[in-house]
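J.: Build me a structure from this.
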Amino acid sequence: MPGVFSAVNSELSLHDINISGQYLKTKDEIGSVVLDIENKASDKVAHLLGKVKRTIKVWALY
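T.: Numbers count the residues shown, from 1 in each chain. Below is the predicted model of the structure:
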């Protein structure tokens, strides 16, 4: 869906969370995003990403 990737980046930027790497893959109307962040705020990031409109599931790996 258009705008979801932008919403992810905007939400993290609002909270001063720096993305050091990202990967996006889409198929039809479903997309997957893998993010590597520099902050040690993974629980906070998972919560923020879960609030982004059209998010289906969030996993945090440490």
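
J.: okay, CA-based contacts and neighbour counts for the rest of this
T.: OK.

J.: With just CA atoms, put the lowest-mean-pLDDT helix or strand in the chain into PDB.
T.: Least confident helix or strand of the chain, by mean pLDDT, DSSP states H and E, is helix 42-51 with a mean of 84. Below are the C-alpha coordinates for helix 42-51, written out as PDB (Å, rounded to 0.1, in the frame of the first residue of the first chain):
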ATOM      1  CA  SER A  42      13.700  -2.500  20.400                       C
ATOM      2  CA  ASP A  43      10.600  -2.900  22.600                       C
ATOM      3  CA  LYS A  44       9.800   0.800  22.100                       C
ATOM      4  CA  VAL A  45      10.300   0.400  18.300                       C
ATOM      5  CA  ALA A  46       8.100  -2.700  18.100                       C
ATOM      6  CA  HIS A  47       5.300  -0.800  19.900                       C
ATOM      7  CA  LEU A  48       5.700   2.300  17.600                       C
ATOM      8  CA  LEU A  49       5.600   0.100  14.500                       C
ATOM      9  CA  GLY A  50       2.600  -1.700  15.700                       C
ATOM     10  CA  LYS A  51       0.700   1.600  15.800                       C
END
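
J.: which residues touch it?
T.: Helix 42-51 has contacts (C-alpha atoms under 8 Å, 6 or more residues apart in numbering) with 8, 11, 12, 55, 56, 57, 58, 59, 60, 61, 62.

J.: With distance to residue 2, neighbour count and secondary structure as new columns, can these be given to me in CSV?
T.: CSV is the format used below for these (distance: C-alpha to C-alpha, whole Å; neighbours: other C-alpha atoms under 10 Å; DSSP: H, G, I helix; E, B strand; the rest coil):
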residue, distance to residue 2, neighbour count, secondary structure
8, 12, 19, helix
11, 16, 16, helix
12, 18, 17, helix
55, 13, 14, coil
56, 15, 12, coil
57, 18, 9, coil
58, 19, 16, coil
59, 22, 13, coil
60, 24, 12, coil
61, 26, 8, coil
62, 29, 6, coil
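
J.: can I get the residues you listed in CSV with distance to residue 43?
T.: Output for the contacts of helix 42-51, formatted as CSV (distance: C-alpha to C-alpha, whole Å):
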residue, distance to residue 43
8, 15
11, 14
12, 13
55, 16
56, 17
57, 14
58, 10
59, 10
60, 7
61, 10
62, 10
